[in-house]
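Chemist: got a predicted structure here, sequence first:
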Amino acid sequence: MKKITITMMLSLATIIAGYAQNVQVIRVEGGGMFANSASAAEHKEIAKGVMEFMYDYRFLRDTTDITSESTDRMILQVGYGISKFSSYRAMQIDSLLRVSTTGQIEANPDRYIGGETYSIYKNYPTGKFTMTDKIATDWFLVEELIPEQQWTLTDETKEILGYQCKSAKCSFRGREYTAYYTDEIPVADGPWKFGGLPGFIMEVRDADDHYSFTCVGINSKVDRPITIPEVQYNKTSRVKFYQAKHRYDTNPLGYLETVSGIKVNVTSNGEAREDLNKPRELTYDYIETDWKNY
């Protein structure tokens, strides 16, 4: 097993270690440790984008503290018969990584990390959803049949970006959602895995207000291709992916040691930080909660 020993002071928020042609960024926040890699993947074009929709994605890192809100700017790329939902910030970082040296990344690692790591492809392949995501340095791919969402239309209305929107409610994979959609946009799609309404979904939020997606911009003239990373994937099921993600989120250093063969020792003021090697309880739940039932 490769051993990496990192000595750090408690006041240091971000440290880095280079290996396997990547820069591994390790961040200490609130007594926990999170690992991520700063490396760009090659992408394959799978469709031409014809419209783009920007969303503000909001979720709580601690469901008992409304001030723990985290946000990301997401982009829904729509092509003919296919769409991709992913992090716009992650897309920008990927482009930046392609023109940066290892030295530049090491000098300013915070500039090269951030953004949600998942992408949702609808109707790719035909009749299916494909999700790609990254856990530490490992890429995962999950294919599933397009799930049916049983929406109940309601009388509530709302204006978003100048569009008159109607509302609908549904229960989906452990959460209750309210969506606002408009029939003034000739696209039957929406953020994340949402769809199946008679119009375009401009906003969705769950009943507990832990997760929400709100459309904040529309571009009807685009030439950006829809792409998918060309990497070696761990092809798995949705439930097994969440199981792996939970192992990583509750014990990132343990995950790296088990899966990647990397040993990270952390010390502070000459004392080993054994607490960072122990599993911790999450203060939030994933957007899909039903995986725990399997």
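Modeler: Okay, I see it. Numbering: from 1, shown residues only.
Chemist: just the element for E159, please.
Modeler: E159 is part of strand 152-160, with elements assigned from DSSP states H and E.
Chemist: listing partners with orientation, what would you give for that strand?
Modeler: Under the criterion DSSP bridges, strand 152-160 sits next to strand 163-172 (antiparallel) in its sheet.
Chemist: and the partner strand, what's buried?
Modeler: Within strand 163-172, the residues scored as buried using 16 or more other Cβ atoms under 10 Å are 163, 165-168, 170, 172. The C-beta positions use only the backbone N, C-alpha and C, and glycine is treated the same way.
Chemist: could the residues you listed go into JSON lines alongside distance to T117 and pLDDT?
Modeler: Below are these laid out as JSON lines (distance: Cβ to Cβ, whole Å; pLDDT from 0 to 100):
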{"residue": "Y163", "distance to T117": "30", "pLDDT": "97"}
{"residue": "C165", "distance to T117": "30", "pLDDT": "98"}
{"residue": "K166", "distance to T117": "33", "pLDDT": "98"}
{"residue": "S167", "distance to T117": "31", "pLDDT": "98"}
{"residue": "A168", "distance to T117": "29", "pLDDT": "98"}
{"residue": "C170", "distance to T117": "26", "pLDDT": "98"}
{"residue": "F172", "distance to T117": "22", "pLDDT": "98"}
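Chemist: which intervals of the stretch 151-294 of the chain have sub-threshold pLDDT?
Modeler: Applying pLDDT under 70 to the stretch 151-294 of the chain flags residues 260, 262-276.
Chemist: okay, strands next: where are they in it?
Modeler: Remark: strands assigned in the stretch 151-294 of the chain by DSSP state E, counting those that start in this stretch are 152-160, 163-172, 175-182, 200-206, 211-219, 225-229, 233-236, 262-268, 271-272.
Chemist: chain center to stretch 141-148, what's the gap?
Modeler: Centre-to-centre, stretch 141-148 and its host chain are 17 Å apart (Cα atoms, centre = their mean, to the nearest Å).
Chemist: convert it to CSV, retaining C-alpha atoms only.
Modeler: Coordinates of the C-alpha atoms in stretch 141-148 are reproduced here as CSV (Å, rounded to 0.1, in the frame of the first residue of the first chain):
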residue,chain,number,x,y,z
LEU,A,141,-21.8,4.8,-14.3
VAL,A,142,-25.4,3.9,-13.5
GLU,A,143,-27.9,3.0,-16.2
GLU,A,144,-31.6,2.7,-15.4
LEU,A,145,-34.9,2.7,-17.3
ILE,A,146,-36.5,6.1,-17.3
PRO,A,147,-38.5,6.1,-14.0
GLU,A,148,-42.2,7.0,-14.1
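Chemist: now it: mean pLDDT?
Modeler: In this model, stretch 141-148 has a mean pLDDT of 95.
Chemist: quick one: residues in contact with it.
Modeler: Stretch 141-148 is contacted from outside by 122-123, 125, 127-133, 172-173, 193, 195-196, 233-238, 241, using Cβ atoms under 8 Å, 6 or more residues apart in numbering.
Chemist: what's the ChimeraX line that selects buried ones from those residues?
Modeler: Below is the selection syntax for ChimeraX that covers the buried ones among these, with 16+ other Cβ under 10 Å defining burial:
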select :122,123,129,130,131,132,133,172,173,193,195,196,238,241
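Chemist: sounds good, over and out.
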